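# Got a sequence here, can you model it:
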Amino acid sequence: MKYTYLQGVASCTLVINISQHLMYKIEPYKLKIINDHQMIKSTNYWESFQALNGWVYLSWGGGCARLLIPKVSYKYLIKMRTVKNIVITKGSFKDKLNCFEIMFEDGSESPFSIIIQPEQTDKLSWDDKGKFPFTVWTEQGMFKKFWGWYRTAVKLPYLMPLKNI
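Numbering: from 1, shown residues only. Presented below is the predicted three-dimensional model:
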């Protein structure tokens, strides 16, 4: 899997290319997530090609954003220890529309962020730009809960702190 690291505004952004699976001629994977309101009861995501290759997935249920982190990407969990809030910004990345920057706001000048493509989420837009619950999930269950905010920008990475929303 190819990772691209970008440096910008003293921040490190991780870009994950989920469309790369086309190179391997993998059959489309039918992702199933069974919800209990905001909780995930079960999912087949953990066995998917995407999860096995470290691609995160952003799912929604009951007004809550749920970021699924596969075992291969557990290193991201360490970066979440000091996070206070999550900011999701929708915009274009390179030549691709409807990408999302998930910024883990920790009050520092260099917050961790992940840019995902439309194939890595089950929702491409939100009506409300207010506060919503944001949870992080591993195969063992819910790892952590935060508050999240949504906004749009023309281009990603955007990396503006929460205080500017």
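# how far is stretch 106-117 from where the chain is centred?
A distance of 11 Å separates the centroid of the chain from that of stretch 106-117, by CA atoms, centre = their mean, to the nearest Å.
# so how far is the first residue of stretch 50-62 from its last?
Using CA to CA, to the nearest Å, the gap from the first to the last residue of stretch 50-62 comes to 24 Å.
# mind checking how far it is from the chain centre?
Relative to its chain's centre, stretch 50-62 lies at 7 Å (CA atoms, centre = their mean).
# Tell me the buried residues in it?
Using 16 or more other CB atoms under 10 Å as the test for burial, stretch 50-62 gives 50-51, 53-61. All C-beta atoms are positioned from the backbone trio N, CA, C, and that covers glycine.
# Stretch 136-144 now?
Buried residues in stretch 136-144 (16+ other CB under 10 Å): 136-138.
# Out of those, name the ones that lie in strands.
Counting by DSSP state E, the buried residues of stretch 136-144 place 136-138 in strands.
# Quick check: phi and psi at V83.
Note on V83: backbone dihedrals following degrees, to the nearest 10 are phi -70, psi 140.
# pLDDT score assigned to the spatially closest residue to it that is not a sequence neighbour?
Excluding its sequence neighbours, the residue lying closest to V83 (CB to CB, 6 or more residues apart in numbering) is F104, at 4.4 Å. F104 is assigned 97 on the pLDDT scale.
# Give the bridge partners for F104, please.
I86, F112 (DSSP bridges).
# which residues sit in contact with it?
F104 makes contacts with 79-80, 83, 86, 111-113, as judged by CB atoms under 8 Å, 6 or more residues apart in numbering.
# Which helix or strand in the protein has the lowest average pLDDT?
Among the helical and strand segments of the chain, the one scoring lowest on mean pLDDT, DSSP states H and E is strand 3-8, with a mean of 32.
# chain center to the strand ranked longest in the chain, what's the gap?
Counting residues, the longest strand found in the chain (DSSP E) is strand 141-155. Distance, stretch centre to chain centre, for strand 141-155: 8 Å (CA atoms, centre = their mean).
# which intervals of this structure have sub-threshold pLDDT?
1-29, 127-129, 164-165 (pLDDT under 70).
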